[in-house]
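> Okay, here's the prediction I keep looking at, along with the sequence it came from:
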Amino acid sequence: MRFTRLRLNGFKSFVDPTDLVIAEGLTGVVGPNGCGKSNLLEALRWVMGENRPTAMRGGGMEDVIFAGAATRPARNFAEVSLLIDNSERLAPAEFNDSDILEVVRRITRDAGSAYKLGGKEVRARDVQMLFADASTGAHSPALVRQGQISELINAKPRNRRRVLEEAAGISGLYQRRHEAELRLNAAEQNLARVDDVLDQLA
Ligand code: ATP
């Protein structure tokens, strides 16, 4: 799954529409302190479905919206769009009709987040699964933030295993197993209720 473009609008310090081309090979972002390098990485995590405000260095999800500056008022929404090269048609069948797959996440004050995949409205889960199945996503070990290496070295084995599972692309299977277990429990409860009714009728 190759990312080709990242577009930001009103996301953190990127108040004006910004379009970044992601060329093939390794991408490095350089710039003076506070120019927004980490914000770019956070935009990438956010559009892939990150839902923990702490991972965005904020207290609430709306903190990703441009908060205003001395000369500019705050914005009411933030939008990040990620373009993915789909020429090998690796996207799920329903989104597989084009060479470019666009993932868009938009947050509006007091209205929460909305996602689009290939122009169609989808749930956060659909976006998270798309990336998890491709061994990437908001928690991908390929996105290394400051201090993460020492965290990993000092991590408990269980947490380190989670990193390996993300890299192996099996974290999406855990989510599906959890959902299947919930459905199974609900079905078992329904069966128990049917048994009760049958007992009463007997
Ligand atoms: P460093 O090299 O010091 O790690 P950096 O280039 O990674 O810095 P960032 O941490 O990405 O910089 O950007 C910090 C800047 O983003 C700060 O100036 C901060 O005020 C600004 N910023 C963060 N959130 C918002 C927001 N919601 N609205 C406006 N500006 C914001």
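Nice, I can see it.

> got any ranges where this protein has weak pLDDT?
Applying pLDDT under 70 to the chain picks out residues 135-136, 138, 140-142.

> Pull up the residues of it that are close to the ligand.
12-13, 31, 33-39, 63, 65-67 (Cβ under 6 Å from any ligand atom). From N, CA and C alone the C-beta is placed, and that goes for glycine too.

> out of those residues, which are buried?
The neighbour count (16 or more other Cβ atoms under 10 Å) marks Lys12, Gly36, Ser38, Asn39, Ile65, Phe66 as buried among those.

> Could you find which two of these are furthest from each other?
With Cβ to Cβ as the measure, no two of those lie farther apart than Ser38 and Ile65, at 16.7 Å.

> In the protein, mark out all the helices, start to finish.
37-47, 124-133, 148-153, 157-168, 171-201 (DSSP state H).

> give me the number of residues near the nearest residue to Gly59 once chain neighbours are set aside?
Nearest non-adjacent residue to Gly59, counting by Cβ to Cβ, 6 or more residues apart in numbering: Pro53, 6.0 Å away. By the criterion of other Cβ atoms under 10 Å, Pro53 has 14 neighbours.

> quick one: which of the residues of the chain next to the ligand is nearest His139?
Distances from His139 to the residues of the chain next to the ligand, taken by Cβ to Cβ, are shortest for Ser38, at 16.2 Å.

> isn't that closest one right up against Leu143?
No - under the contact definition of Cβ atoms under 8 Å, Ser38 does not touch Leu143, with a separation of 10.8 Å.

> Between the two, which contacts overlap?
Residues touching both Ser38 and Leu143 (Cβ atoms under 8 Å, 6 or more residues apart in numbering): none.

> Spatially nearest residue to Thr18 (excluding sequence neighbours)?
In space, Thr18 is closest to Leu8, 4.7 Å off (Cβ to Cβ, 6+ apart).

> bridging residues for that neighbour?
Thr18, Val80 (DSSP bridges).

> OK, contacts around it?
Residues in contact with Leu8 (Cβ under 8 Å, 6+ apart) are Phe14, Pro17, Thr18, Leu20, Leu40, Ala43, Ala78, Glu79, Val80.

> For ChimeraX, write the select line for the buried members of those residues.
Applying 16+ other Cβ under 10 Å to those, the buried members can be selected in ChimeraX as follows:
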select :14,18,20,40,43,78,79,80
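
> could the contacts of Leu8 go into JSON lines alongside distance to Gly118?
Shown next, in JSON lines, are these (distance: Cβ to Cβ, whole Å):
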{"residue": "Phe14", "distance to Gly118": "24"}
{"residue": "Pro17", "distance to Gly118": "21"}
{"residue": "Thr18", "distance to Gly118": "22"}
{"residue": "Leu20", "distance to Gly118": "21"}
{"residue": "Leu40", "distance to Gly118": "23"}
{"residue": "Ala43", "distance to Gly118": "20"}
{"residue": "Ala78", "distance to Gly118": "21"}
{"residue": "Glu79", "distance to Gly118": "16"}
{"residue": "Val80", "distance to Gly118": "16"}
